[in-house]
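Novice: Just the structure for this:
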Amino acid sequence: MNASADVGLLLRGLHEPLRIDEGRWDRLLRLGRVSGLHARLAATNLDNPALTAVVRRHLLSAQRMAAYRTQMLRAELFRLAPLVTDDFPVIVLKGAAYVLQQRRLSVGRFVSDVDLLVPRPQLRTMESRLLDAGWRAEKLEAYDERYYRDWSHETPPMRYPGSTLELDLHHALTPVTGSLAFDPASLFARSEAIPGTPFRALCAEDQVLHACVHCFHDGELDLRLREVVDIDGLLRAFAEAPGFSARLRQRAAELGLERPLWYGLHFAEAWLGCLPAHELKASLPPPGALARRSMDALVPLSMLPSDPDFPPPMRVAIARTLLRSRYQWLRMPPHLLFPHLLRKSWRRLRARADANGQADGMP
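Specialist: The predicted structure follows:
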C-alpha cells in the first residue's frame with residue numbers, strides 16, 4: 001500500500017465522506033489514531049451510508065472517546081471557574097477555547113490538557129490560587145524550576161488529584177528568551193469574553209497566530225498534523241468575517257509572527273486544500289528559498305504519519321532531529337542554549353548509566 005496516498009485519503013476524509021473498502025479503512029483508522037484525528041474522521045463519516053458495520057463501530061468508539069474527553073475538560077473548567085475573578089483576565093487557549101466558544105473544529109478534537117494565559121504580574125497569584133484549591137505540580141530539580149521561571153513562557157505543569165488532564169499556566173505565547181518573544185499585553189487588550197463563563201479567549205486573529213506558533217515553534221512533533229488541521233479549521237471559520245484577512249496580516253506584522261503564519265498557511269493549503277490559506281499566503285512575504293526548501297523537505301517527514309505497519313524510516317528520525325534542533329535554536333540564545341543542551345545530554349548519559357547499572361545488578 002502507498003502510505004502517502006493513505007495520508008492524503010485521511011486528510012480528505014476530514015472534510016468529506018469516503019467511499020472506500022474495509023481494508024483501506026483499517027489502515028486509515030490506524031493512521032488516524034497515531035495522528036489524533038480518528039474522532040474527526042468519525043465526525044465527518046459516521047453518517048456515511050457506505051460504511052460497513054465494523055468500520056462504523058470503530059468510528060463510533062472514537063466519537064465517544066472524544067466526547068468523554070470533552071466532558072472531562074468541561075469538568076476541569078468548572079473547577080477552575082471559581083478561581084477566576086475580576087481583578088485580572090484569564091484566557092483559555094486552544095482546545096478549551098474552541099469548546100467553550102462552540103467552534104466547529106472542537107467536534108472530534110481530542111483534549112489532553114487545559115491551557116490558561118494570565119498576565120505575568122498575576123502569575124504567582126493565579127498559581128497560589130490553584131495550589132490552595134488542590135492542584136499540584138510535579139517536584140522538579142532546581143535547574144528545571146529555574147528554566148520554567150526565568151526562560152519559559154509557562155509554569156511547571158499542574159494536575160488536580162484524580163484528573164487525567166494536565167493544566168498549563170502561561171504568561172506568554174512564546175518563550176521569553178526566544179526569537180519570537182513579544183509583549184503579550186495586547187493579547188489581553190484584544191481578548192474577548194466567553195458568554196456564560198468567567199473566562200476570556202484570544203481574538204480570532206490571535207487564535208490563528210497562536211496555532212501557527214505552537215505548530216512550527218515547538219519541540220514536540222507528535223500530533224502536529226492535528227495542529228495544521230486546527231489552523232485549517234480556524235481559517236475556514238473566520239475567513240468570511242469582514243476584514244479578517246487584512247487584520248490577520250496586520251496583526252502578524254505587529255507581533256513579528258509573519259514567518260510562522262506563512263508556514264501555517266502554506267501547509268494548510270498543501271495538505272488540506274484550504275482556500276483561505278492560499279489567498280492569505282499570497283499577500284505575505286515568503287521565507288527565503290533555502291528556508292522554504294528545507295521546511296518543505298523536513299515538515300512532511302516529521303509531522304505526517306508514516307506507514308503504521310513498519311517503524312519510521314531513518315529519514316524520518318533525521319528530519320525530526322533537525323526540526324527539534326531548529327526549535328531549540330529559536331527558543332534560546334546561544335549563551336543559554338549550549339549550557340542547557342550540555343546539561344540535558346549529561347542527564348541522559350547519567351540516566352542511561354544508572355539504568356545499565358541496575359540491569360547488571362539484577363540476579
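
Novice: Okay, and the residue nearest to the spatial centre of the chain sits in which element?
Specialist: For the chain, the residue nearest the mean C-alpha position is E227 (5.0 Å; Cα atoms, centre = their mean). Under the criterion of DSSP states H and E, E227 resides in helix 224-238.

Novice: Now the element after that helix, going C-ward?
Specialist: Next along the chain after helix 224-238, taking DSSP H and E as the criterion, comes helix 244-255.

Novice: any low-confidence regions in the stretch 201-350 of the chain?
Specialist: Counting by pLDDT under 70, the stretch 201-350 of the chain contains low-confidence residues at 219, 340-341.

Novice: if you set the cut-off to 90 instead, what comes out?
Specialist: Applying pLDDT under 90 to the predicted model, the residue ranges of the stretch 201-350 of the chain that meet it are 217-224, 240, 279, 305-313, 324-350.

Novice: helices and strands around the helix holding E227, which ones?
Specialist: Packing contacts for helix 224-238, counted by 3 or more Cβ pairs under 8 Å, 6 or more residues apart in numbering; DSSP states H and E, involve helix 204-216, helix 258-272, helix 275-281, helix 289-303. (C-beta placed from N, C-alpha, C; glycine too.)

Novice: Can you pull out the low-pLDDT segments for the stretch 1-150 of the chain?
Specialist: Flagging of the stretch 1-150 of the chain using pLDDT under 90 yields the residue ranges 1-6, 23, 50, 111-112, 137-150.

Novice: Helices of that one, residue ranges please.
Specialist: 3-12, 22-34, 38-45, 53-80, 94-100, 123-133, 142-146 (DSSP state H, counting those that start in this stretch).

Novice: Nearest to R292 among the ones you listed would be which one?
Specialist: Within these, the stretch nearest R292 is helix 3-12; the backing value is 20.3 Å (Cβ to Cβ).

Novice: just checking, what packs against the closest one?
Specialist: For helix 3-12, the packing partners by 3+ Cβ pairs under 8 Å, 6+ apart are helix 22-34.

Novice: what do you get if the cut-off is 10 Å, keeping everything else the same?
Specialist: When contacts are defined as 3 or more Cβ pairs under 10 Å, 6 or more residues apart in numbering; DSSP states H and E, helix 3-12 sits against helix 22-34, helix 38-45, helix 224-238, helix 258-272.

Novice: L272 reaches G13, doesn't it?
Specialist: No - counting by Cβ atoms under 10 Å, L272 sits too far from G13 to count as a contact (11.2 Å).

Novice: Just send the helices and strands packed on helix 224-238 back as a markdown table, with distance to I318 too.
Specialist: Converted to a markdown table, those look like this (distance: least, Cβ to Cβ, whole Å):
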| stretch | distance to I318 |
| --- | --- |
| helix 204-216 | 18 |
| helix 258-272 | 20 |
| helix 275-281 | 28 |
| helix 289-303 | 8 |
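
Novice: Would you reformat the ones you listed as JSON lines and include mean neighbour count?
Specialist: As requested, these are arranged in JSON lines below (neighbours: other Cβ atoms under 10 Å):
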{"stretch": "helix 204-216", "mean neighbour count": "24"}
{"stretch": "helix 258-272", "mean neighbour count": "23"}
{"stretch": "helix 275-281", "mean neighbour count": "19"}
{"stretch": "helix 289-303", "mean neighbour count": "16"}
